[in-house]
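> everything below, folded, please.
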Amino acid sequence: METTYRLSLHRFVVSELAANGLETEWLLGEAGLPGWALDDGDVQVPSSAYGRLWDVGAGALDDPILPVRLGCRFALGAGGLCDYLFSTSPTIGEGLATVGPYISDISTNHRVSLTEEDNGDITFGFEIIEGDDRTRDLTHQWAVASLLGRPRRVAAGPFDARRVRLRQRAPRNHTDMYDLLGTRAIEFGASEDSITFRATDMDVPLTTADPVLHAILEKVAATVPPPPPLASAWVGQVAEALAQALDAGDATLDTVARRLMVSRRTLQRRLTEAGTTWRQELDRARLERLRRADTTGAQLGRARQAEILGYAGPQSIRRAARRWESIAERRVAEVASVTS
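The predicted structure is shown next:
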């Protein structure tokens, strides 16, 4: 499953980068977007273009916290339906609560979680589905800052973060982030990407509140499909990459990780989070490949099976068969113990 971002986000980023002296045509070319693509902001395009746009922009301007700067200047409307749902809400808290459920209108490449802390503060966490660590770091800088930038545009009072946590290492010259995000409580090398807001700020009213329009927009939003679950989306991504790697005769962990633009470590971690392992997914992909080959009616010897499944030879496939039989026997025993 290919994840996407809505083009209105690209349009906002390109316009801001152009205002900083970068050529629009060059930016679009580097991101792999045709010039006409920015005419329709409602279209969604593959995620790779968005990550590339941030990468080339930050590199060209030599600014490792560029997404934070632009996120704090976020223009309402670039996020489409999500922005309108937010701005017509009565308070900051009720507006921000609409972001997670309808994030797929902005992008299908992220999951947003909302957690209430013991003291009532609200923490928004971010996860990326498709993209390497560099892409994650840049897009989550943007996510954190734009979640702050939205309310600042329309809140009836000042609005700053209480705490920000980022997985990335501390970028050089990051002290501007203190002023941009309104807090010195910024943790780098954290276990998550998140931003925390004060409980008292959640009740600050929005100057653009419109209950009638909000009710209409909620009906529209009800038709928007939910974003894909992070874990299942990763399993699907791995299955697709594995199928391609098997076709190419190179189904190794490193090869599949490169296809997914992540490190082998990140790939293994994502699979663990999904309740599976690299070995299980490789076996699953091989069995599916063999099943498809069997449907052709051809008589497949061990050597041909090994070739189809990407094994070194018949001995390797025999070892795999014994492993599969062992797993099957274990599962049968587990079921029997539960039902007895």
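
> restricting to C-alpha, output stretch 113-123 in PDB.
Once non-C-alpha atoms are left out, stretch 113-123 reads as follows in PDB (Å, rounded to 0.1, in the frame of the first residue of the first chain):
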ATOM      1  CA  SER A 113      -2.100   9.700  19.100                       C
ATOM      2  CA  LEU A 114      -3.600  11.800  21.800                       C
ATOM      3  CA  THR A 115      -2.900  11.000  25.500                       C
ATOM      4  CA  GLU A 116      -4.000  12.800  28.600                       C
ATOM      5  CA  GLU A 117      -1.300  13.000  31.200                       C
ATOM      6  CA  ASP A 118      -1.900  12.500  34.900                       C
ATOM      7  CA  ASN A 119      -1.900  16.300  35.500                       C
ATOM      8  CA  GLY A 120      -4.300  16.900  32.600                       C
ATOM      9  CA  ASP A 121      -1.800  18.000  30.000                       C
ATOM     10  CA  ILE A 122      -2.300  16.700  26.500                       C
ATOM     11  CA  THR A 123       0.400  14.900  24.500                       C
END
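
> ok, residues contacting stretch 130-142?
With C-beta atoms under 8 Å, 6 or more residues apart in numbering as the test, stretch 130-142 has contacts from 2-3, 47-48, 50-51, 54-55, 58, 65-68, 70-71, 109-110, 126, 128, 166-168, 193, 233, 237, 260-263, 266. Bear in mind the C-beta positions are built from the backbone N, C-alpha and C, glycine included.

> list buried residues within these.
Among these, those scoring as buried are 3, 47-48, 50-51, 54-55, 58, 65-68, 70-71, 109-110, 126, 128, 166-168, 193, 233, 237, 260-262, 266 (criterion: 16 or more other C-beta atoms under 10 Å).

> in strands, which of the residues you listed appear?
His110, Phe126, Ile128, Leu166, Asp193 (DSSP state E).

> how about the helices in the stretch 201-340 of the chain?
With helices called from DSSP state H, counting those that start in this stretch, the stretch 201-340 of the chain shows them at 211-221, 230-248, 253-259, 264-273, 278-294, 302-309, 314-339.

> least reliable of those going by mean pLDDT?
Note on the helices of the stretch 201-340 of the chain: helix 302-309 shows the lowest mean pLDDT, a mean of 46.

> so where's this protein uncertain?
Where the chain drops to pLDDT under 70, the residues are 1, 36-37, 40-42, 224-233, 261-262, 290-340.

> so which residue is smack in the middle of it?
What sits nearest the mean C-alpha location of the chain, by C-alpha atoms, centre = their mean, is Ile128, with 2.2 Å.

> got the contact list for it?
Ile128 touches Asn109, His110, Thr135, Arg136, Thr139, His140, counting by C-beta under 8 Å, 6+ apart.

> return the set of residues that bridge with it.
Applying DSSP bridges to Ile128 gives these bridge partners: His110.

> if I look at it, how far off is Thr135?
Taking C-beta to C-beta, to the nearest Å as the criterion, Ile128 is separated from Thr135 by 7 Å.

> repeat for Asp62
Where Thr135 is concerned, Asp62 sits at a distance of 19 Å (C-beta to C-beta).

> ok, the two, which is more surrounded?
Thr135 (21 against 9; other C-beta atoms under 10 Å).

> any idea how far Asn20 is from the more buried one?
Distance of Thr135 to Asn20, computed by C-beta to C-beta: 21 Å.

> same question for Leu242.
In terms of C-beta to C-beta, Leu242 sits 41 Å off from Asn20.

> quick one, which of the two is more surrounded?
For Leu242 versus Asn20, neighbours defined as other C-beta under 10 Å are more numerous around Leu242 (23 against 13).

> not counting its neighbours along the chain, what's nearest the more buried one?
Counting by C-beta to C-beta, 6 or more residues apart in numbering, Leu242 lies nearest to Ala285, which is 4.0 Å off, once chain neighbours are set aside.

> pretty sure the one you found sits against Gln244.
No: look at Ala285 against Gln244 with C-beta atoms under 8 Å: they stay out of range, at 10.1 Å.

> which one's more surrounded, those two?
Ala285 (22 against 14).

> quick one, what contacts the more buried one?
Under the criterion of C-beta under 8 Å, 6+ apart, the neighbours of Ala285 are Ala239, Leu242, Ala243, Leu246, Ala251.

> tell me how far it lies from Leu114.
Distance, Ala285 to Leu114, by C-beta to C-beta: 35 Å.

> any figure for the gap between Ala185 and Ile122?
Per C-beta to C-beta, Ala185 is found 15 Å from Ile122.

> higher neighbour count, the two?
With neighbours defined as other C-beta under 10 Å, Ala185 and Ile122 compare such that Ile122 has more, 20 against 13.

> wait, the more buried one touches Ala199, no?
Yes: the pair Ile122 / Ala199 is scored as a contact, 6.8 Å apart, by C-beta under 8 Å.

> distance check, Thr223 against Leu217.
From Thr223 over to Leu217 (counting by C-beta to C-beta), the distance is 11 Å.

> check Asp203 too.
22 Å.

> more neighbours: which of these two?
Neighbours per residue (other C-beta under 10 Å) separate Asp203 from Leu217, with Leu217 holding more: 21 against 11.
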